[in-house]
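# after the sequence you'll find the predicted model.
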Number of protein chains: 2
Amino acid sequence: MDALEALKTRRSVRVFKSNPIPGKVIEDLIDCGRMAPTAINIQPWEFIAVTDAALRARIAGATDHGDFIKAAPLCIAVFCKDTKYYLEDGCNASVCILVAARAHGLGGCWVAGDKKPYAGKIGEMLGSPAGCKLISLLAIGYPAEQPLAAKRPLSEVLHWERF
Amino acid sequence: MDALEALKTRRSVRVFKSNPIPGKVIEDLIDCGRMAPTAINIQPWEFIAVTDAALRARIAGATDHGDFIKAAPLCIAVFCKDTKYYLEDGCNASVCILVAARAHGLGGCWVAGDKKPYAGKIGEMLGSPAGCKLISLLAIGYPAEQPLAAKRPLSEVLHWERF
């Protein structure tokens, strides 16, 4: 898929078909995540690909707004070491994974990790080392819905030279 | 350009040719930024496209590591209203712009905004409303270098099911 099309047509998808995602595709998603922009190239990220249904159900149950993780064939948990720009770096990798998912004909939705009270609990479930922070939980699968969330128009968000 | 290729081949570019970027291309970059993932679709972002050379020189001079903003034909300043997930949202939009730049044959580099002591000063230069936070300064232009920063291998950053 064309890069500009993937960027412009990606939307959050929360309803998925039950088909599993081939391992090679999962690897390719994370291959895109690891190439994201990162402050002074530190790359503080670690990616956990969770396909196990029981583990996904436990993760879903720990969140407040991530129940659909249970039914998604894949949940990628993005963690970062606690560096100065850990949140920027982890977000950057998460977005690259979601755009790559769109390019692979998949859909996904970001469930918040950082600042959430359940972050530590999910870190324990996944064996996260001390000092590693949960950035996002990315529920991914073949889409069974085609949402088209409205977006603020370009003319409203773009300012030339200054506000 | 293919989406997966754009994601995997994007690297930070800090040396640019002097060619200006057509206005329609600048609009398209920001069109991709405004479609980024954002918590509960709040879209707290505002994008300032700075092409004016004197203004770019002032911005560059205010930063600690952004001197190349002076020589880039375009600097996109990404701001967000101060919402709970302002940093996630602003980073997501910034990454989408950088990937779109790659797809347009451009290169770019992210200069930090959030947490930097100069954020307020640059906000004043650009007429930012109170409560709007600088997320990033994206220096963008036609690349005059082809950097290939080394990245941690997939086998090191990908973990199946748990750490």
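Structure's in. What do you need?
# do the helix ranked longest in chain A and chain B meet at all?
When chain A is parsed with DSSP state H, its longest helix is helix A:86-103. Yes - Helix A:86-103 lies within reach of chain B by CB under 8 Å from any CB of the partner chain, at A:87-88, A:91-92, A:94-96, A:98-100, A:102-103. From N, CA and C alone the C-beta is placed, and that goes for glycine too.
# shouldn't A:K84 be in contact with A:P44?
No - counting by CB atoms under 8 Å, A:P44 is not a contact partner of A:K84; they are 9.7 Å apart.
# now the residues of helix A:86-103 next to chain B in JSON lines, with neighbour count and pLDDT?
Formatted as JSON lines, these follow (neighbours: other CB atoms under 10 Å in any protein chain shown; pLDDT from 0 to 100):
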{"residue": "A:L87", "neighbour count": "22", "pLDDT": "98"}
{"residue": "A:E88", "neighbour count": "29", "pLDDT": "98"}
{"residue": "A:C91", "neighbour count": "29", "pLDDT": "98"}
{"residue": "A:N92", "neighbour count": "27", "pLDDT": "98"}
{"residue": "A:S94", "neighbour count": "28", "pLDDT": "98"}
{"residue": "A:V95", "neighbour count": "31", "pLDDT": "98"}
{"residue": "A:C96", "neighbour count": "27", "pLDDT": "98"}
{"residue": "A:L98", "neighbour count": "31", "pLDDT": "98"}
{"residue": "A:V99", "neighbour count": "30", "pLDDT": "98"}
{"residue": "A:A100", "neighbour count": "28", "pLDDT": "98"}
{"residue": "A:R102", "neighbour count": "22", "pLDDT": "98"}
{"residue": "A:A103", "neighbour count": "24", "pLDDT": "98"}
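# circling back to that earlier point, what's the following helix or strand past the longest helix of chain A packed up against?
Next helix or strand after helix A:86-103 toward the C-terminus (DSSP states H and E): strand A:107-112. Under the contact definition 3 or more CB pairs under 8 Å, 6 or more residues apart in numbering or on different chains; DSSP states H and E, strand A:107-112 sits against helix A:86-103, strand A:132-141.
# nearest to B:S128, out of those?
Of all those, it is helix A:86-103 that lies closest to B:S128, at 19.3 Å by CB to CB.
# what helices or strands is that closest one leaning on?
If you count contacts as 3+ CB pairs under 8 Å, 6+ apart, helix A:86-103 packs onto helix A:3-9, helix A:23-33, strand A:45-50, strand A:74-81, strand A:107-112, strand A:132-141, helix B:3-9, helix B:86-103.
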